[in-house]
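# With the sequence up front, the predicted model follows.
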Amino acid sequence: MAHKIIRNWHVAPGSALTDFDKRVLGFQNRGELVPKRELIKTPEQIEGIRRSGVVNTGVLDLIEKEIHAGMSTAEIDRLVYDYTTAHGAIPAPLNYEGFPKSVCTSINEVVCHGIPSEDDILEEGDIINVDVSTILDGYYSDASRMFVIGQTTPEKEKLVRVAKECLEIGAEAAKPWGFVGDIGKAISRHAHKNGFGVVRALCGHGVGLEFHEEPEVDHYNTHRKGMLLVPGMVFTIEPMINMGTWEVFIDEEDGWTVVTEDELPSAQWEHTFLMTEHGLEILTH
Ligand code: MF3
Ligand code: CO
């Protein structure tokens, strides 16, 4: 079957081709999937996303300082809301497609999108992902970290460490004029080497002018090249790494909470990245 070329890259009729245009068009003419021009951020947009990322990082640093056994995830939610709004920003999750809180808090076997609650009290040995997303002056940033409550088991410690390595290795694999598919290939190799599963149902994503933009960034090996990575693109990498099977389900009662099928623990780390001529730059340090 012949594949139809998706022609995402357009040049206004009559306008001269830049070297950048020629380079992108070269890939497009060879049948590769290239980004739409709107995905290439302007310097002004990049500065806006960077400033949003500074607030987002401030939130995560605050949680890192305050998190402790005996605290409810609702308390984390209040800290996120108060810090974010005090800095003139908006928590992106709040009311996003009906999400009821300002942050996602995902404990142990919860993979992601856990809803903060007065009833969820952190206990010694828990591992928790706190996923923070911020809108500042219309610009979005998105990052998450794992926190270990007190002492946990060596297995959970390893899971948290390997998940972080997966983010770093995935980011290292993302090269300008390379492809999105390089990221998942590198991540899944590292996860599998350590005996862990890689969640397939959720992916990283373009971000900046909206919460979720193109491209989708898969963390497993799809055996597809995926979209061309071009300087100026901004996207997240956020691998969810499971101690057991990659399979997950969504809690039917709340419609949000993603849980591992085998109820073994899961860990996730996330940054928002800018693609540059030299590789990825973290915007949520
Ligand atoms: N922060 C998540 C991400 O990394 C998205 C959460 S959507 C929400 O893409 F509504 F649950 F907040
Ligand atoms: Co994200």
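Cool, got the structure. Ligands and ions are numbered 1, 2, ... in the order given.
# Could you pick out the residues of the stretch 1-150 of the chain near ligand 2 for me?
Residues of the stretch 1-150 of the chain lying near ligand 2 by CB under 5 Å from the ion: Asp142. For every residue, glycine as well, the C-beta is placed using N, CA and C.
# With only the CA atoms kept, save the lengthiest helix in the chain in CSV.
As assigned by DSSP state H, the longest helix anywhere in the chain is helix 43-66. This file holds the C-alpha atoms of helix 43-66, laid out as CSV (Å, rounded to 0.1, in the frame of the first residue of the first chain):
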residue,chain,number,x,y,z
PRO,A,43,11.8,33.4,20.9
GLU,A,44,9.0,35.3,22.7
GLN,A,45,6.9,32.2,23.2
ILE,A,46,10.0,30.3,24.5
GLU,A,47,10.6,33.1,27.1
GLY,A,48,7.0,32.8,28.2
ILE,A,49,7.2,29.1,28.6
ARG,A,50,10.5,29.5,30.4
ARG,A,51,8.9,31.9,32.9
SER,A,52,6.0,29.5,33.4
GLY,A,53,8.5,26.8,34.1
VAL,A,54,10.2,28.8,36.8
VAL,A,55,6.9,29.0,38.8
ASN,A,56,6.3,25.3,38.1
THR,A,57,9.7,24.4,39.5
GLY,A,58,9.0,26.6,42.5
VAL,A,59,5.9,24.6,43.2
LEU,A,60,7.8,21.3,43.0
ASP,A,61,10.6,22.6,45.2
LEU,A,62,8.0,23.7,47.8
ILE,A,63,6.4,20.2,47.8
GLU,A,64,9.9,18.6,48.1
LYS,A,65,10.4,20.7,51.3
GLU,A,66,7.0,20.2,52.8
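# which parts of that helix are buried?
45-46, 48-60, 62-63 (16 or more other CB atoms under 10 Å).
# repeat for stretch 215-234
For stretch 215-234, by 16+ other CB under 10 Å, it's 215-222, 226-230, 232-234.
# now, which of those lie within strands?
Pro215, Glu216, Val217, Val234 (DSSP state E).
# separation between the closest residue to ligand 2 within the stretch 1-150 of the chain and Thr284?
The nearest approach of the stretch 1-150 of the chain to ligand 2 comes at Asp142, 4.1 Å away (CB to the ion). Asp142 sits 7 Å away from Thr284, going by CB to CB, to the nearest Å.
# can you check Glu238 too?
Taking CB to CB as the measure, Glu238 falls 11 Å from Thr284.
# Overlap of the contact sets of these two?
By CB atoms under 8 Å, 6 or more residues apart in numbering, Glu238 and Thr284 have these common neighbours: Asp142, Glu270, His271.
# Was I right to think Val230 contacts Pro176?
Yes. Between Val230 and Pro176 a contact is recorded at 6.9 Å, counting by CB atoms under 8 Å.
# confidence score at the nearest residue to Phe99 once chain neighbours are set aside?
In this structure, Phe99 finds its nearest non-sequential neighbour in Pro93, 4.9 Å apart by CB to CB, 6 or more residues apart in numbering. In this model, Pro93 is scored at 99, pLDDT.
# Check for me that Pro93 belongs to a helix.
No. Assessed with DSSP: H, G, I helix; E, B strand; the rest coil, Pro93 is coil; it does not lie in a helix.
# Assess the claim that Asn8 and Pro35 are in contact.
Yes. Assessed by CB under 8 Å, Asn8 is found in contact with Pro35 at 6.1 Å.
# Show me what from this protein comes close to ligand 1.
Pro93, Tyr96, Glu97, Phe99, Cys104, His113, Asp131, Ser133, Asp142, Glu238, Glu270 (CB under 6 Å from any ligand atom).
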